[in-house]
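Visitor: next input, structure requested:
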Amino acid sequence: MEEKKRIESKRGTRASDLFSSFYNLSNRKRSTRVSNLLLNSKIVNSKRSQVTIFVIIALVIVGFAVLIYVFYPKISATFGFGAQSPQADLESCIEKNFQEKVSIISSQGGSLNPKNYFLYKGDKIEYLCYTEEYYKTCVMQKPLIKNSVEAEIKNGIKDKFNECVVNLKSNFEKKGYAVSMSGGDFGIELLPKRVVINIDKQITLRKGEDVQSFGGDKKKLSVVFNNNLYELTSIASSILNSEATYGDAETTIYMDFYHDLKVEKYKQTDGTKIYILTDRNDGNKFKFATRSVAWPPGYGLNV
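Guide: Sure, this is the predicted structure:
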């Protein structure tokens, strides 16, 4: 009996040891998992913090760069670190006069002072294709309408341009700069969506050891104004070619092809036609007159 009790006691002890070992092993595994989870959580949070810091630093750098880009010209001009480009002063000085002259030229067939014109609603609209005879197609009055408009704009703003150049020199001298200029002429160029004033002039500014040059052969000075006169005169040229060849032009063709363009044609009793080209986006217009294959009074349809 005693031997049997000893054997059962040993079995109980072994079972107890096995249970204890299993329990301890289970607790260690559980503790290890918890530790790993906490460690992974810390790593993830650390990475997120690093990413957040990098994003903040990047935003600060970008914002600082934007501020420098926007305000550096004014700051440098104020504290003597450099001079603002003369282009900005010329543009602000000449802009109003430029817009006024372009508006007049556009409403009068490309001329500041029309000579051969039709008076339409108080506007003197230049004939760009004309014949005084009946039944005959018109003759182009200004075959190179783009070049003609460029010349008219230049003629219209030249006095103001010269005035702005004098004011520019005076303004920089008031800021303590020694100013020297060479050259002096300028030209007008119609380009897609813009009109460019190309300035054939070199301007050198000196203040102490600071010397800055603008213009010259390497980099021309220019002033740019947003305007679609290039597109409008191109359409006008096409219409004029049709008038000179066939005696008329079909307006709907242009509107079908250029959806932002409105083309109006108003026939007058003497055979004159008034064309009005309008950009639907900004309202800019170009008007001109033609007289081609006109019929004597009482003949044909003048509607």
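
Visitor: once you drop chain neighbours, what's closest to the residue nearest the centre of the chain?
Guide: The C-alpha lying nearest the average C-alpha coordinate of the chain belongs to residue 226 (Cα atoms, centre = their mean; 7.2 Å). Leaving aside its sequence neighbours, residue 226 sits nearest to residue 194 (Cβ to Cβ, 6 or more residues apart in numbering; 5.6 Å). Quick note: C-beta positions are derived from backbone N, CA and C, even for glycine.

Visitor: ok, now which ones touch that neighbour?
Guide: Shown in contact with residue 194 (Cβ atoms under 8 Å, 6 or more residues apart in numbering): 224-227, 230.

Visitor: highest neighbour count among the residues you listed?
Guide: Neighbours here mean other Cβ atoms under 10 Å. Within the contacts of residue 194, the largest count is held by residue 227, at 22 neighbours.

Visitor: name the SS class of the nearest residue to it once chain neighbours are set aside, please.
Guide: Closest residue to residue 227 apart from its sequence neighbours, by Cβ to Cβ, 6+ apart: residue 195 at 4.7 Å. Of the three states, residue 195 takes strand under DSSP: H, G, I helix; E, B strand; the rest coil.

Visitor: quick one, phi psi at residue 102?
Guide: Backbone geometry at residue 102, expressed as degrees, to the nearest 10, gives phi -60, psi -40.

Visitor: so it sits against residue 229, correct?
Guide: Yes. Residue 102 is within contact range of residue 229, at 6.7 Å (criterion: Cβ atoms under 8 Å).

Visitor: the more surrounded of the two?
Guide: Using other Cβ under 10 Å as the criterion, residue 102 and residue 229 rank with residue 229 on top: 25 against 21.

Visitor: burial of the nearest residue to the more buried one once chain neighbours are set aside, as a residue count?
Guide: Nearest non-adjacent residue to residue 229, counting by Cβ to Cβ, 6+ apart: residue 190, 5.6 Å away. Residue 190: 21 surrounding residues under other Cβ under 10 Å.

Visitor: just checking: what are the partner strands of the helix or strand where residue 190 lies?
Guide: Secondary structure from DSSP states H and E places residue 190 in strand 178-191. Strand 178-191 pairs in its sheet with strand 194-207 (antiparallel), by DSSP bridges.

Visitor: the helix or strand just after the partner strand: which residues count as buried?
Guide: Downstream of strand 194-207, the first helix or strand assigned by DSSP H and E is strand 210-215. Residues of strand 210-215 classed as buried by neighbour count (16 or more other Cβ atoms under 10 Å): 214-215.

Visitor: who does strand 210-215 pair up with?
Guide: When DSSP bridges is applied, strand 210-215 pairs with strand 194-207 (antiparallel).

Visitor: show me how far the partner strand is from its chain's centre.
Guide: Strand 194-207 sits 20 Å away from the centroid of its parent chain (Cα atoms, centre = their mean, to the nearest Å).

Visitor: hang on, the earlier thing: any idea how far the residue nearest to residue 229 lies from residue 102?
Guide: 10 Å (Cβ to Cβ, to the nearest Å).

Visitor: what do the two both touch?
Guide: residue 229.

Visitor: may I have the beta-bridge partners of the residue nearest to residue 229?
Guide: Bridge pairing for residue 190 - DSSP bridges - gives residue 195.

Visitor: tell me the contacts of it?
Guide: Contacts of residue 190 by Cβ under 8 Å, 6+ apart are 146, 149-150, 229-230, 233.

Visitor: ditto for residue 202
Guide: 181-183, 213-216.

Visitor: for residue 241, what are phi and psi?
Guide: Dihedral angles for residue 241 - degrees, to the nearest 10 - are phi -60, psi -40.
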